[in-house]
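S.K.: Next one to model:
(one chain, ligands or ions: 1)
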Amino acid sequence: MSRTADILITNGILLTFQNGSFSFKRSDLAIKDGIIIDIGEDLSFKAKKKIEAKGNIVLPGLINAHTHIPMSLFRGIADDLPLETWWQKFIFPLEKKFGSVEFTRIGTQLSALEMIRSGTTTFCDMYFFEDEIAKVCKKIGIRCFLGEGILDFPTPSCQTKEETFFVIEDLNKKWGKDPLIDLLVAPHAPYTCGEKTLLASKDLAEKLGLKLHIHISETIGEVDQIRSKYNKTPVEYLDSIGFLDENVQAVHCVHLTENDIEILYKKKVKVIHCPESNMKLASGFSPVPEMQKKGIMLGLGTDGAASNNNLDMFDEMDFAAKIHKGRTGDTTVMDAFSIFKMATIDNADILGMKDKLGSLEIGKFADIIILNADRPHLIPLYNPCSHIVYSAGGQDVETVIIHGKLIMENRKILTIDEEKVLQEAREYSEKIKKEI
Ligand SMILES: [Zn+2]
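M.R.: This next block holds a predicted model:
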């Protein structure tokens, strides 16, 4: 009697991960109860749903390790401005005015569709009203790690940091056991959170068993501010108060000294690189090849759509592979394989989910994307990893499965009325337009 599966993908060029390296092979893949249950040639399964991959590329879903998901509603609102003007004249006042449950719902829907359409199946968020984000993601079926933003001043969702801590505990109670929704503890940055707040965040993360997610050394302005206050770099300062350890996900890390890199390595801090946002805001170039050489675990994220201006991880991989070659004059740094690892298995490792996410392996969650390889810019196909990083784009993703559920098939989103989502976002943007 043949075995049963929920979904059987046949004849794909599968990227599998074994003994620390990826390999491509024409194979089938079977999914049951949200899990990959078999991978191999000519699998025999009685499946409820069969997907004929016809030589297309079958990959693990991409992971976006840092974003601010509702900010897609601010996409393109203030480009090509000095960072301080961008932040203080536009983004901050707009967040104050529009930061609401409705804004969050509409922005999250829009971003979730954009991410699914470009092959992202998991994302990490730092924003406000994360309960609303969880509800939308649950409905649409995208996996997420949500961090309610902690700051020393009132946020759109909470008047005090104590209130934010309560919100995080509540979120953990409500969503902590959900198979799709995970949580983070997300103090915004060392210049917006004082020592007490940072250490209370660390205590909370330890108590709840969650990762810490924080922006560090994004701009030279931040470094100057921390230096003049504490006579230390942001990394030295955070280390001196006992904040840094293996549980910390440090986003950006653009301006680092050699000593900073040494500290990050020794404390096993994970670094999340957001090259497009760093370039667009002229923040600078993170010393990523130097950190990679040192052995620091590196992940990749887009940052919010107000500073990118999209959430396409294919774009992000392409930039991450190229800018460091340009910066260092060394074509061998940040090769396609390392970049793809950053967007998949290394991001999964950073999230503490290496045994469940980031690669196509039996027993892992079935978070899978299928790329249409039958396109001019993907022919000929000598090295699929090269195509994924240097040639493909989000628009090549045809089918998306998350936790064993078909979310997009042949570019059609199956879990939410896409036209309605787009219309709501267009209508909401009319309200924002009146304020700028
Ligand atoms: Zn950010």
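
S.K.: how far away is residue 392 from residue 16?
M.R.: In this view, residue 392 and residue 16 are 18 Å apart by C-beta to C-beta, to the nearest Å. All C-beta spots, glycine's among them, are computed from the backbone N, C-alpha and C.

S.K.: Start from the N-terminal end of the stretch 201-350 of the chain and give the strands.
M.R.: For the stretch 201-350 of the chain, the strands defined by DSSP state E, counting those that start in this stretch occupy 211-216, 248-252, 270-273, 298-300.

S.K.: Nearest approach to residue 262 belongs to which of these?
M.R.: The closest of these to residue 262 is strand 270-273. By C-beta to C-beta, the value is 13.3 Å.

S.K.: If you count contacts, what does the closest one end up packed against?
M.R.: With contacts taken as 3 or more C-beta pairs under 8 Å, 6 or more residues apart in numbering; DSSP states H and E, strand 270-273 sits against strand 248-252, helix 288-294, strand 298-300, helix 347-350.

S.K.: and residue 206, which of the ones you listed is closest to it?
M.R.: strand 248-252 (11.6 Å).

S.K.: contacts for that closest one?
M.R.: Residues from elsewhere that reach strand 248-252 (C-beta atoms under 8 Å, 6 or more residues apart in numbering): 65-66, 124, 126, 184, 211-218, 264, 267, 269-274, 278, 283, 286, 299, 301, 303, 350.

S.K.: Can you pick out the residue with more neighbours from residue 392 and residue 16?
M.R.: A direct count of neighbours by other C-beta atoms under 10 Å for residue 392 and residue 16 places residue 392 higher, at 24 against 18.

S.K.: How about that one: what's its closest non-neighbour residue?
M.R.: Distances taken as C-beta to C-beta, 6 or more residues apart in numbering place residue 314 nearest to residue 392, at 5.5 Å, with adjacent residues excluded.

S.K.: If I follow the layout properly, that neighbour ends up in contact with residue 118?
M.R.: Yes: look at residue 314 against residue 118 with C-beta atoms under 8 Å: they come within range, at 6.3 Å.

S.K.: list the buried ones in the strand ranked longest in the chain?
M.R.: Looking across the chain with DSSP state E, the single longest strand is strand 3-18. Neighbour counts over strand 3-18 (16 or more other C-beta atoms under 10 Å) mark 5-17 as buried.

S.K.: now the helices: where do they sit in the stretch 101-250 of the chain?
M.R.: 101-117, 130-140, 161-175, 195-208, 220-230, 234-240 (DSSP state H, counting those that start in this stretch).

S.K.: ok, back up a step: pull the CA atoms of the longest strand of the chain into CSV?
M.R.: What follows is strand 3-18 as a C-alpha-only set of coordinates in CSV (Å, rounded to 0.1, in the frame of the first residue of the first chain):
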residue,chain,number,x,y,z
ARG,A,3,2.1,6.0,1.7
THR,A,4,-0.1,9.1,1.9
ALA,A,5,0.9,12.8,1.8
ASP,A,6,-0.8,16.1,1.7
ILE,A,7,1.3,17.5,-1.1
LEU,A,8,3.7,15.8,-3.5
ILE,A,9,6.1,17.9,-5.5
THR,A,10,7.5,16.0,-8.5
ASN,A,11,10.3,16.5,-10.9
GLY,A,12,11.8,19.7,-9.4
ILE,A,13,15.4,20.6,-9.2
LEU,A,14,15.7,20.4,-5.5
LEU,A,15,18.2,22.3,-3.4
THR,A,16,19.0,20.0,-0.5
PHE,A,17,21.3,20.5,2.4
GLN,A,18,23.6,17.8,3.8
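
S.K.: elements contacting that strand?
M.R.: Counting by 3+ C-beta pairs under 8 Å, 6+ apart, strand 3-18 packs on strand 21-32, strand 35-40, strand 45-52, strand 57-60, strand 368-371, helix 384-386.

S.K.: Check which helices and strands the third one sits against.
M.R.: So that's strand 45-52. Partner elements for strand 45-52 (3+ C-beta pairs under 8 Å, 6+ apart): strand 3-18.

S.K.: Tell me what angle the strand it packs on forms with strand 21-32.
M.R.: Between strand 3-18 and strand 21-32, the angle comes out at 170 degrees (axes from the mean of the first three to the mean of the last three C-alpha atoms, to 10 degrees).

S.K.: Specify the angle between strand 3-18 and strand 35-40 in degrees.
M.R.: 80 degrees.

S.K.: Could I get the average pLDDT for strand 3-18?
M.R.: Average pLDDT, strand 3-18: 94.

S.K.: tell me the mean pLDDT over stretch 428-436?
M.R.: On average, stretch 428-436 scores 92.

S.K.: Can you give me the buried ones in that stretch?
M.R.: Neighbour-count burial for stretch 428-436 [16+ other C-beta under 10 Å]: 428-429.

S.K.: Show me the common contact partners of residue 314 and residue 118, please.
M.R.: By C-beta under 8 Å, 6+ apart, the residues touching both residue 314 and residue 118 are 62, 393-394.

S.K.: In this protein, what helix or strand scores lowest on average pLDDT?
M.R.: Taking mean pLDDT, DSSP states H and E as the measure, helix 83-85 is the helix or strand of the chain with the lowest mean score, a mean of 83.

S.K.: which of the residues in that helix are buried?
M.R.: For helix 83-85, by 16+ other C-beta under 10 Å, it's residue 83.

S.K.: for stretch 53-65, same thing?
M.R.: So for stretch 53-65, counting by 16+ other C-beta under 10 Å, buried means 53, 56-65.

S.K.: Can you add pLDDT and distance to residue 379 and give those back as CSV?
M.R.: Putting the buried residues of stretch 53-65 into CSV (pLDDT from 0 to 100; distance: C-beta to C-beta, whole Å) gives the following:
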residue, pLDDT, distance to residue 379
53, 96, 17
56, 96, 12
57, 96, 12
58, 97, 18
59, 97, 18
60, 98, 23
61, 98, 24
62, 98, 22
63, 98, 27
64, 98, 28
65, 98, 31
